[in-house]
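[1] quick one, structure for this:
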Amino acid sequence: RRAIGGRTAMALAIAMLGVAIMLIGGDNRGDMRGPIYGAISGVAFGALILTLELVNRSKSGEPVNPFLIVTLNNLGTAAIVLPIALRFGTMSAEPRQIAGVALTGVVQLAVPYVLFVLALRRVEPVDASLLILLEPVLNPVWVWLAVGERPDVATFIGGVAIITAMVIEATKRNRPENSDRIAPFTEPVS
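    Residues are numbered from 1 along each chain as shown. The predicted structure is shown next:
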């Protein structure tokens with residue numbers, strides 16, 4: 001169990017407000033299922049970050065193999081989802097479509113997941129959770145630039161709140177108990 005400082009608590013509150021603005025203030029046309037699923041997903045991901053941080057510290061003091069963590073987590077997910085898919089879904093995909101989905105799974109999910117597990121060795125879970133919030137901020141920007149679909153005002157306001165929270169957290173002074181987790185930017189010159 002770790003205590004967080006007032007500045008970090010403020011950053012987290014601002015970030016949560018930003019996410020709430022993006023979820024609730026968006027164009028959901030009265031259907032709240034998307035925001036509710038998004039909120040559940042966020043809570044689950046927060047639990048995942050804390051669990052990964054705990055698992056990453058083995059009893060021997062050696063970090064756990066990140067590939068093992070990712071493999072076991074994804075096998076667990078498959079064990080839950082596969083029976084549901086077989087019961088309610090149909091598999092009418094062509095081999096090239098299955099290959100595309102498999103490639104996307106590796107490139108878009110597995111590689112970033114391994115990198116995230118490795119990052120938790122050097123970054124506090126709260127900082128990692130704030131960094132992850134760059135995704136909902138930047139995804140609408142990439143879509144806007146690539147496709148021309150302009151994000152709504154709530155997305156901009158929520159994004160500004162999230163970036164503000166990240167700046168607040170990034171500019172705090174490092175506490176001595178965290179100094180061993182912070183990687184130096186440069187090697188000392190001898």
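[2] just the helices in the chain please.
    6-24, 33-55, 66-88, 95-104, 111-119, 125-132, 134-147, 153-170 (DSSP state H).
[3] look up how far Ala15 lies from Ile163.
    Going from Ile163 to Ala15 by CB to CB, to the nearest Å gives 9 Å. Every C-beta, even on glycine, is put in place using the N, C-alpha and C of the backbone.
[4] between these two, which is the more surrounded one?
    Ala15 (23 against 17; other CB atoms under 10 Å).
[5] wait, isn't the more buried one in contact with Ala161?
    Yes - using CB atoms under 8 Å, Ala15 is in contact with Ala161, at 7.0 Å.
[6] now do the buried residues in the lowest-mean-pLDDT helix or strand in the chain.
    Least confident helix or strand of the chain, by mean pLDDT, DSSP states H and E, is helix 33-55 with a mean of 79. Under the neighbour-count criterion of 16 or more other CB atoms under 10 Å, helix 33-55 has Pro35, Gly38, Ala39, Gly42, Ile49, Leu52, Glu53, Val55 buried.
[7] nearest residue to the fifth one in space, please, no chain neighbours.
    Going back to what we said before, that points to Ile49. Leaving aside its sequence neighbours, Ile49 sits nearest to Pro125 (CB to CB, 6 or more residues apart in numbering; 5.0 Å).
[8] count the residues that sit near the one you found.
    Pro125 has 18 nearby residues by other CB under 10 Å.
[9] again, but for Asp27
    9.
[10] and for it, nearest residue in space, chain neighbours not counted?
    Nearest non-adjacent residue to Asp27, counting by CB to CB, 6+ apart: Asp152, 5.5 Å away.
[11] do the same with Val70
    Going by CB to CB, 6+ apart, Val70 has Tyr113 as its nearest residue, at 4.9 Å.
[12] and that neighbour, how close does it get to Gly18?
    Taking CB to CB, one finds Tyr113 at 24 Å from Gly18.
[13] please say which of the two ends up with more neighbours.
    The neighbour count for Tyr113 versus Gly18, taken as other CB under 10 Å, is higher for Gly18 (25 against 19).
[14] and the helices of the chain, which one's lowest on average pLDDT?
    Of all the helices of the chain, the minimum mean pLDDT falls on helix 33-55 (a mean of 79).
[15] distance of the residue nearest to the spatial centre of the chain relative to Gln97?
    Nearest to the mean C-alpha position of the chain, by CA atoms, centre = their mean, lies Ile132 at 4.0 Å. Taking CB to CB as the measure, Ile132 falls 29 Å from Gln97.
[16] and if you look at Gly76?
    Taking CB to CB, one finds Gly76 at 25 Å from Gln97.
[17] all good on my end, thank you.
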